[in-house]
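# 3D, please:
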Amino acid sequence: MNFKRIFLFNFHLFIVIASTISYFWISSITTFGIRSLQFYTIWNLLTVLFFYAKNLYKDIQLFRTGKTSDSSTSLLTLVFVMNIIMEIVFWSLTLYDPTLILPKTFVIPPVLNHFLHTFPLFYDFIEIFFLPEYFAKMSSKYLDFLFVLLLALGYALVSFSVTFIYGDVIYPFLSMMSPLFFFIFFLVATIFAYSFVMLSRKLISTGISRNLKKKEEEKKDN
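Numbers count the residues shown, from 1 in each chain. Reported below is the predicted structural model:
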(Lines give C-alpha, C1' and ligand atoms only; values in the text may rest on other atoms or scores of the structure.)
Protein backbone atom coordinates (compact mmCIF):
# COMPACT_ATOMS: atom_id res chain seq x y z
CA MET A 1 0.00 0.00 0.00
CA ASN A 2 1.40 3.40 -1.03
CA PHE A 3 0.72 5.67 1.95
CA LYS A 4 2.06 8.74 0.15
CA ARG A 5 -0.52 8.32 -2.62
CA ILE A 6 -3.29 7.88 -0.06
CA PHE A 7 -2.17 10.99 1.84
CA LEU A 8 -1.97 13.11 -1.34
CA PHE A 9 -5.39 11.91 -2.52
CA ASN A 10 -7.02 12.93 0.77
CA PHE A 11 -5.01 16.15 0.90
CA HIS A 12 -6.07 17.15 -2.61
CA LEU A 13 -9.68 16.14 -1.94
CA PHE A 14 -9.74 18.33 1.18
CA ILE A 15 -8.39 21.35 -0.73
CA VAL A 16 -10.89 20.93 -3.58
CA ILE A 17 -13.80 20.71 -1.12
CA ALA A 18 -12.53 23.60 1.03
CA SER A 19 -11.86 25.81 -2.01
CA THR A 20 -15.27 25.07 -3.51
CA ILE A 21 -17.02 25.90 -0.24
CA SER A 22 -14.90 29.05 0.09
CA TYR A 23 -15.84 30.20 -3.41
CA PHE A 24 -19.59 29.81 -2.86
CA TRP A 25 -19.28 31.27 0.65
CA ILE A 26 -17.48 34.43 -0.49
CA SER A 27 -19.88 34.71 -3.45
CA SER A 28 -22.88 34.54 -1.11
CA ILE A 29 -21.74 37.43 1.10
CA THR A 30 -20.60 39.84 -1.61
CA THR A 31 -22.79 42.24 -3.55
CA PHE A 32 -20.16 43.32 -6.07
CA GLY A 33 -21.39 41.19 -8.98
CA ILE A 34 -19.08 41.41 -11.99
CA ARG A 35 -16.91 43.87 -10.03
CA SER A 36 -15.72 40.96 -7.89
CA LEU A 37 -13.37 40.16 -10.79
CA GLN A 38 -11.24 42.96 -9.37
CA PHE A 39 -10.57 40.79 -6.33
CA TYR A 40 -7.19 39.13 -6.79
CA THR A 41 -8.33 36.66 -4.14
CA ILE A 42 -11.01 35.33 -6.52
CA TRP A 43 -8.45 34.79 -9.28
CA ASN A 44 -6.18 33.09 -6.79
CA LEU A 45 -8.94 30.87 -5.39
CA LEU A 46 -10.07 29.66 -8.82
CA THR A 47 -6.47 28.92 -9.88
CA VAL A 48 -5.88 26.94 -6.68
CA LEU A 49 -9.13 25.03 -7.20
CA PHE A 50 -8.22 24.15 -10.80
CA PHE A 51 -4.68 23.08 -9.88
CA TYR A 52 -5.63 20.80 -7.01
CA ALA A 53 -8.66 19.39 -8.84
CA LYS A 54 -6.29 18.46 -11.67
CA ASN A 55 -3.98 16.76 -9.17
CA LEU A 56 -6.92 14.93 -7.59
CA TYR A 57 -7.86 13.57 -11.02
CA LYS A 58 -4.30 12.30 -11.47
CA ASP A 59 -4.41 10.69 -8.03
CA ILE A 60 -7.54 8.80 -9.08
CA GLN A 61 -5.80 7.69 -12.28
CA LEU A 62 -2.90 6.34 -10.22
CA PHE A 63 -5.25 4.34 -8.00
CA ARG A 64 -7.17 2.94 -10.98
CA THR A 65 -4.36 2.19 -13.45
CA GLY A 66 -1.12 2.60 -11.49
CA LYS A 67 0.12 5.27 -13.89
CA THR A 68 -0.65 8.75 -15.20
CA SER A 69 0.93 11.32 -17.49
CA ASP A 70 3.54 13.75 -16.19
CA SER A 71 2.40 17.20 -15.08
CA SER A 72 4.10 20.47 -15.86
CA THR A 73 5.70 22.11 -12.85
CA SER A 74 4.84 25.53 -14.33
CA LEU A 75 1.31 25.44 -12.90
CA LEU A 76 2.65 24.51 -9.46
CA THR A 77 5.08 27.43 -9.70
CA LEU A 78 2.24 29.75 -10.77
CA VAL A 79 0.06 28.72 -7.81
CA PHE A 80 2.99 29.11 -5.39
CA VAL A 81 3.86 32.60 -6.68
CA MET A 82 0.22 33.75 -6.67
CA ASN A 83 -0.30 32.56 -3.11
CA ILE A 84 2.87 34.06 -1.67
CA ILE A 85 2.25 37.45 -3.31
CA MET A 86 -1.38 37.47 -2.16
CA GLU A 87 -0.48 36.64 1.42
CA ILE A 88 2.35 39.18 1.65
CA VAL A 89 0.23 42.01 0.23
CA PHE A 90 -2.99 41.10 2.05
CA TRP A 91 -1.56 40.57 5.51
CA SER A 92 0.90 43.49 5.30
CA LEU A 93 -1.89 45.93 4.45
CA THR A 94 -4.39 44.29 6.84
CA LEU A 95 -2.01 44.53 9.79
CA TYR A 96 -1.14 48.14 8.90
CA ASP A 97 -4.68 49.33 8.12
CA PRO A 98 -7.50 46.92 7.18
CA THR A 99 -9.39 49.66 5.35
CA LEU A 100 -6.63 49.79 2.74
CA ILE A 101 -7.40 46.28 1.51
CA LEU A 102 -11.15 45.93 2.10
CA PRO A 103 -14.06 48.36 1.97
CA LYS A 104 -15.21 49.40 5.46
CA THR A 105 -18.66 47.93 4.81
CA PHE A 106 -17.32 44.49 3.85
CA VAL A 107 -16.50 42.01 6.61
CA ILE A 108 -15.11 38.52 5.95
CA PRO A 109 -15.83 35.85 8.59
CA PRO A 110 -12.49 34.90 10.28
CA VAL A 111 -12.65 31.23 9.24
CA LEU A 112 -13.29 32.13 5.60
CA ASN A 113 -10.59 34.79 5.76
CA HIS A 114 -7.96 32.21 6.73
CA PHE A 115 -9.16 29.72 4.11
CA LEU A 116 -8.74 32.46 1.51
CA HIS A 117 -5.65 34.31 2.70
CA THR A 118 -3.63 32.03 5.02
CA PHE A 119 -4.00 28.33 4.25
CA PRO A 120 -3.24 28.35 0.47
CA LEU A 121 0.49 28.93 0.96
CA PHE A 122 0.63 26.10 3.51
CA TYR A 123 -1.06 23.89 0.90
CA ASP A 124 1.74 24.67 -1.52
CA PHE A 125 4.55 23.93 0.91
CA ILE A 126 2.94 20.60 1.80
CA GLU A 127 2.45 19.83 -1.90
CA ILE A 128 6.11 20.54 -2.66
CA PHE A 129 7.37 18.61 0.36
CA PHE A 130 5.28 15.53 -0.53
CA LEU A 131 5.74 16.19 -4.24
CA PRO A 132 3.49 13.86 -6.29
CA GLU A 133 5.31 11.48 -8.60
CA TYR A 134 3.66 12.94 -11.70
CA PHE A 135 5.84 16.04 -11.28
CA ALA A 136 8.80 14.16 -12.71
CA LYS A 137 10.81 16.89 -14.42
CA MET A 138 11.25 20.65 -14.30
CA SER A 139 9.60 22.94 -16.82
CA SER A 140 11.53 25.75 -18.46
CA LYS A 141 12.06 28.74 -16.18
CA TYR A 142 11.02 30.98 -19.06
CA LEU A 143 7.72 29.12 -19.32
CA ASP A 144 7.25 29.46 -15.55
CA PHE A 145 7.76 33.20 -15.67
CA LEU A 146 5.60 33.52 -18.80
CA PHE A 147 2.69 31.85 -16.93
CA VAL A 148 3.07 34.32 -14.06
CA LEU A 149 3.42 37.33 -16.35
CA LEU A 150 0.39 36.40 -18.48
CA LEU A 151 -1.80 35.95 -15.43
CA ALA A 152 -0.62 39.28 -13.99
CA LEU A 153 -1.36 41.05 -17.28
CA GLY A 154 -4.73 39.30 -17.54
CA TYR A 155 -5.67 40.38 -14.03
CA ALA A 156 -4.54 43.97 -14.69
CA LEU A 157 -6.50 44.10 -17.97
CA VAL A 158 -9.74 42.78 -16.45
CA SER A 159 -9.34 44.96 -13.35
CA PHE A 160 -8.79 48.11 -15.45
CA SER A 161 -11.74 47.22 -17.70
CA VAL A 162 -14.09 46.79 -14.73
CA THR A 163 -12.76 50.02 -13.22
CA PHE A 164 -13.36 51.86 -16.50
CA ILE A 165 -16.94 50.56 -16.72
CA TYR A 166 -17.94 51.16 -13.09
CA GLY A 167 -15.68 54.11 -12.30
CA ASP A 168 -14.15 52.82 -9.09
CA VAL A 169 -11.90 50.11 -7.67
CA ILE A 170 -12.66 47.57 -4.95
CA TYR A 171 -9.27 47.74 -3.26
CA PRO A 172 -9.08 51.14 -1.50
CA PHE A 173 -5.26 51.30 -1.63
CA LEU A 174 -5.34 51.16 -5.46
CA SER A 175 -7.57 54.24 -5.63
CA MET A 176 -4.84 56.16 -3.80
CA MET A 177 -2.23 55.42 -6.48
CA SER A 178 -1.40 57.68 -9.38
CA PRO A 179 -0.82 55.96 -12.76
CA LEU A 180 2.94 56.40 -12.29
CA PHE A 181 2.91 54.93 -8.80
CA PHE A 182 0.78 52.03 -9.98
CA PHE A 183 3.29 51.33 -12.77
CA ILE A 184 6.10 51.32 -10.19
CA PHE A 185 4.05 49.04 -7.93
CA PHE A 186 3.42 46.63 -10.82
CA LEU A 187 7.12 46.68 -11.78
CA VAL A 188 8.26 45.93 -8.22
CA ALA A 189 5.66 43.16 -7.94
CA THR A 190 6.99 41.65 -11.18
CA ILE A 191 10.56 41.65 -9.82
CA PHE A 192 9.38 39.96 -6.63
CA ALA A 193 7.40 37.48 -8.72
CA TYR A 194 10.55 36.50 -10.60
CA SER A 195 12.35 35.94 -7.28
CA PHE A 196 9.49 33.74 -6.07
CA VAL A 197 9.56 31.80 -9.36
CA MET A 198 13.22 30.97 -8.74
CA LEU A 199 12.50 30.02 -5.12
CA SER A 200 9.67 27.76 -6.24
CA ARG A 201 11.88 26.11 -8.85
CA LYS A 202 14.55 25.41 -6.24
CA LEU A 203 12.03 23.80 -3.87
CA ILE A 204 10.37 21.75 -6.61
CA SER A 205 13.73 20.61 -8.00
CA THR A 206 14.68 19.37 -4.53
CA GLY A 207 11.40 17.44 -4.34
CA ILE A 208 11.97 15.83 -7.74
CA SER A 209 15.50 14.80 -6.74
CA ARG A 210 14.16 13.31 -3.51
CA ASN A 211 11.56 11.29 -5.44
CA LEU A 212 14.16 9.99 -7.91
CA LYS A 213 16.47 8.99 -5.07
CA LYS A 214 13.65 7.11 -3.36
CA LYS A 215 12.81 5.25 -6.60
CA GLU A 216 16.43 4.19 -6.99
CA GLU A 217 16.50 2.92 -3.41
CA GLU A 218 13.29 0.95 -3.99
CA LYS A 219 14.77 -0.65 -7.11
CA LYS A 220 17.85 -1.73 -5.14
CA ASP A 221 15.69 -3.22 -2.39
CA ASN A 222 13.74 -5.21 -4.96
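
# make it CA atoms for all contacts and neighbour counts henceforth
Noted.

# which of the helices and strands in this structure ranks last by mean pLDDT?
helix 172-175 (a mean of 74; mean pLDDT, DSSP states H and E).

# which helices and strands sit right next to the next helix-or-strand element following it?
Note on helix 172-175: by DSSP states H and E, the next helix or strand toward the C-terminus is helix 179-221. If contacts are counted by 3 or more C-alpha pairs under 8 Å, 6 or more residues apart in numbering; DSSP states H and E, helix 179-221 sits against helix 73-96, helix 119-129, helix 141-166.

# check which helices and strands the shortest one sits against.
If you count contacts as 3+ C-alpha pairs under 8 Å, 6+ apart, helix 119-129 packs onto helix 73-96, helix 179-221.

# which one of the ones you listed is the most hemmed in?
Sort these by mean neighbour count, taking mean count of other C-alpha atoms under 10 Å, and helix 73-96 sits at the top with a mean of 19.

# now that one: average pLDDT?
Averaged across helix 73-96, pLDDT comes to 92.

# residues of the helix or strand just after that helix that come out buried?
Going down the chain from helix 73-96, the next helix or strand is helix 110-117, by DSSP H and E. For helix 110-117, the neighbour count (16 or more other C-alpha atoms under 10 Å) marks 112, 115-117 as buried.

# which of those sits closest to residue 220?
residue 115 (42.5 Å; C-alpha to C-alpha).

# find the nearest non-adjacent residue to the closest one, please.
Excluding the flanking residues, the one nearest residue 115 by C-alpha to C-alpha, 6 or more residues apart in numbering is residue 22, at 7.0 Å.

# what does the pLDDT read for the one you found?
As predicted, residue 22 sits at a pLDDT of 93.

# just checking, what packs against the helix or strand where it lies?
In this assignment (DSSP H and E), residue 22 forms part of helix 3-29. Applying 3+ C-alpha pairs under 8 Å, 6+ apart, we find helix 3-29 packed against helix 40-65, helix 110-117.

# before we move on, the earlier item: nearest to residue 101, of the buried residues of helix 110-117?
Nearest to residue 101 among those, with distances taken as C-alpha to C-alpha, is residue 117, at 12.2 Å.

# what's the distance between the closest residue to that closest one other than its chain neighbours and residue 120?
Residue nearest to residue 117 in three dimensions, not counting chain neighbours: residue 87, with 5.8 Å by C-alpha to C-alpha, 6+ apart. In this view, residue 87 and residue 120 are 9 Å apart by C-alpha to C-alpha, to the nearest Å.

# so what's the residue nearest to the spatial centre of the chain closest to, chain neighbours aside?
The centre of the chain sits closest to residue 79, judged by C-alpha atoms, centre = their mean, with a distance of 3.1 Å. Of all residues beyond its chain neighbours, the one nearest residue 79 is residue 48 (6.3 Å), with distances taken as C-alpha to C-alpha, 6+ apart.

# thinking again about what came up before, what would the buried residues of helix 110-117 look like in JSON lines with pLDDT and distance to residue 185?
Converted to JSON lines, these look like this (pLDDT from 0 to 100; distance: C-alpha to C-alpha, whole Å):
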{"residue": "112", "pLDDT": "93", "distance to residue 185": "28"}
{"residue": "115", "pLDDT": "93", "distance to residue 185": "26"}
{"residue": "116", "pLDDT": "92", "distance to residue 185": "23"}
{"residue": "117", "pLDDT": "93", "distance to residue 185": "21"}
